[in-house]
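Engineer: Okay, predicted coordinates and the sequence, questions at the end:
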Amino acid sequence: MFKTITILSLLSAPVLADEYEQKFEPTVCHEGQSCVITTTVANNQSVYKLIQIEDEDGQIVGSKLSAGSSITDIFYEGVSACYKGLISEVCDIGELMTGNTNVDYSQGGHTSIKSFHCYSIDNVISFEYEVQSDYADELEIQKTKLSKCE
């Protein structure tokens, strides 16, 4: 009986892999889009971009991120970041990342953002935000700089 289960699982593995490959679409920042690209120390990259939300008449009523990630999970020690596109839209991306952190907190997470500021000097965008954690008594100020991607 054990051999039969092993054989069946081996036979079904390629089918599952094929189904996964068909459903998985990596996030790509196309020409003219605004996005934030992060790179970890291990050289893993992630792309975060705005997705416009339209009503049934085609009017833009809001935006969301391409990935529901928290700003504190995206920017940590050793992560480098750059941006493409409009500074105002990159700031919107930062605000949405902050909102994701606070939604996580409202659902039992342990970190919230108390204030978020985004500004640009000489095409370098800075995200500055205050992090409040259930594990610390004081707010921690975080600063992330994003240069224009090459």
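Structural biologist: Thanks, I have the structure now.
Engineer: hey, where'd the strands end up in the protein?
Structural biologist: Secondary structure of the chain, counting by DSSP state E: strands at 35-39, 45-54, 60-65, 80-84, 111-121, 124-133, 140-148.
Engineer: For these, give me a markdown table that also has mean pLDDT and mean neighbour count.
Structural biologist: C-beta: built from backbone N, CA, C; applies to glycine. Written out in a markdown table, the entries for the strands of the chain read as follows (pLDDT from 0 to 100; neighbours: other C-beta atoms under 10 Å):
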| stretch | mean pLDDT | mean neighbour count |
| --- | --- | --- |
| strand 35-39 | 94 | 20 |
| strand 45-54 | 88 | 15 |
| strand 60-65 | 84 | 13 |
| strand 80-84 | 95 | 20 |
| strand 111-121 | 94 | 15 |
| strand 124-133 | 95 | 18 |
| strand 140-148 | 94 | 15 |
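Engineer: Which among the ones you listed is found nearest to residue 96?
Structural biologist: Checking these against residue 96 by C-beta to C-beta gives strand 60-65 as the closest, at 4.8 Å.
Engineer: close enough to count as contact, residue 126 and residue 142?
Structural biologist: No: under the criterion of C-beta atoms under 8 Å, residue 126 is not in contact with residue 142, lying 10.7 Å apart.
Engineer: could the strands of the chain go into a markdown table alongside distance to residue 27?
Structural biologist: Putting the strands of the chain into a markdown table (distance: least, C-beta to C-beta, whole Å) gives the following:
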| stretch | distance to residue 27 |
| --- | --- |
| strand 35-39 | 8 |
| strand 45-54 | 4 |
| strand 60-65 | 10 |
| strand 80-84 | 12 |
| strand 111-121 | 21 |
| strand 124-133 | 19 |
| strand 140-148 | 17 |
